[in-house]
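Asks: My questions are about this predicted structure, shown below with the sequence.
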Amino acid sequence: MHNDAMNQQIRRATTERISSYTVGIAAEKNTIMGTGTLITDGLLNFILTAAHVVEGVDMGGVKFWLKPNAALIEKAASEATPKDIGILTVGTSIPIVEALTDPIQDIAILRIASGWKVPEGAEVYHIGRSFEFASWPEQQLDGISMLMFGFPVANSKPLHTVGNSTFLFLGAASMLSGYPAETNAEEFTGLSGVSAEKDFLFDYTGLDDNIEPHGFSGCGVWIPTDTHGGNIWTSDPILIGVTKSYFRKKNLIAATKLPVIVTITPPDMPPV
């Protein structure tokens, strides 16, 4: 297989796996949107997102979008058919019993009731798998590929309007970037609300597809790995951060580093 074709296959498989961990978050008839990640400590399940995504929101009225038990549909939300919309736009309720937030670091972790069952198609990521990045090995990350998968507003389809609110069909999108050590060493000056000690920066490439970043907020930043076993190849991505800010003039995304995320996750999350 040609390298380009293989790279596309690897990216597709990795994106599929990331999508199974990802949840769309919407309230007020889909007018407030963001993205989160299903995580676990091995006992309880949580949704990890950015604090500003759920700030001031009544969690009882929030709908969540989880990956269905099927392959991703690779087309723009604007091209969705009535059949697609009928199947995919409903969303689901998830019983959130506690919300732990750190507004300063812009991180939130939503605890899910213990009786909740993960639907087919979705998966829960064990945060312990990311603990090798708790020391943040900066130079080892330089140039490594990073993937985001989320629910940007620009990839949605207006359905109808009630008053000042427009109900939207949510479309997901992925984005590939790379970790730039030089950017992280030089570009934090003048950026409000972020710091090199707790956050990292990378280029936003979604504008190449005319997708604005709003809605990607709170989504995971993943590095792809792979597992080989005989004739079977599987993707095994690792979560290293959560997106929080976009700086348009520099076209940079800021994400919270894994070490900061660990500080607000439950303390009994050992690596697996």
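Replies: Nice, I can see it. Numbering: from 1, shown residues only.
Asks: Determine the longest helix present in this protein.
Replies: helix 3-21 (DSSP state H).
Asks: What lies in contact with the helix or strand just after it?
Replies: As assigned by DSSP states H and E, the chain's next helix or strand after helix 3-21 is strand 22-27. Outside strand 22-27, the residues within contact range by CB atoms under 8 Å, 6 or more residues apart in numbering are 32-38, 47, 49, 53-54, 57-58, 61-67, 91, 94, 122, 149-151, 170, 172, 218-220. Bear in mind the C-beta positions are built from the backbone N, C-alpha and C, glycine included.
Asks: rewinding a little: if you count neighbours, what's buried in the longest helix of the chain?
Replies: In terms of neighbour count (16 or more other CB atoms under 10 Å), helix 3-21 has its buried residues at 11, 13-15, 17-21.
Asks: pLDDT averaged over it, what's the number?
Replies: For helix 3-21, mean pLDDT is 78.
Asks: which of the contacts of strand 22-27 count as buried?
Replies: Buried, going by 16+ other CB under 10 Å: 32-38, 47, 49, 53-54, 57, 62-67, 91, 94, 122, 149-151, 170, 172, 218-220, out of the contacts of strand 22-27.
Asks: among those residues, which are in helices?
Replies: 53-54.
Asks: Out of the buried ones among the contacts of strand 22-27, which sit inside strands?
Replies: 32-38, 47, 49, 63-66, 149-150, 170, 220 (DSSP state E).
Asks: Contact partners for the residue nearest the centre of the chain?
Replies: Here the mean C-alpha position of the chain is nearest to the C-alpha of C219 (CA atoms, centre = their mean), at a distance of 2.2 Å. C219 is in contact with 22, 34-37, 49, 148-151, 242-243, counting by CB under 8 Å, 6+ apart.
Asks: if you set the cut-off to 10 Å instead, what comes out?
Replies: Residues counted as contacts of C219 (CB atoms under 10 Å, 6 or more residues apart in numbering) are 18, 22-25, 34-37, 48-50, 53, 147-152, 172, 174-175, 213, 241-243, 255.
Asks: do G206 as well
Replies: Per CB under 10 Å, 6+ apart, neighbours of G206: 148, 150, 152, 154-155, 173-177, 212-213, 216, 246, 251, 253.
Asks: Output the below-cut-off pLDDT ranges for the chain.
Replies: Along the chain, segments meeting pLDDT under 70 span 1-6, 28-32, 72-79, 82-90, 160, 164-168, 226-234, 265-272.
Asks: any idea how far G241 is from V262?
Replies: Note on G241: its distance to V262, by CB to CB, to the nearest Å, is 11 Å.
Asks: of these two, who's got more company?
Replies: For G241 versus V262, the count of surrounding residues by other CB atoms under 10 Å is larger for G241: 28 against 16.
Asks: That one and L258, how far apart?
Replies: Distance from G241 to L258, by CB to CB: 6 Å.
Asks: tell me, what's touching those two both at once?
Replies: 130, 133, 136, 200, 221.
Asks: Wait, the second one touches L141, no?
Replies: Which is F133. Yes: look at F133 against L141 with CB atoms under 10 Å: they come within range, at 8.2 Å.
Asks: Next, give me the two most distant ones among the shared contacts of G241 and L258.
Replies: Pairwise distances among the shared contacts of G241 and L258 were taken by CB to CB; the largest, 13.9 Å, belongs to S130 and F200.
Asks: got any residues that touch both of these two?
Replies: What both S130 and F200 touch, as defined by CB under 10 Å, 6+ apart, is the set 240-241, 258.
Asks: for stretch 139-151, the distance to its chain's centre please.
Replies: 12 Å (CA atoms, centre = their mean, to the nearest Å).
Asks: measure it end to end?
Replies: Using CA to CA, to the nearest Å, one end of stretch 139-151 lies 30 Å from the other.
Asks: buried residues in it?
Replies: Buried, per 16+ other CB under 10 Å, within stretch 139-151: 141, 146-151.
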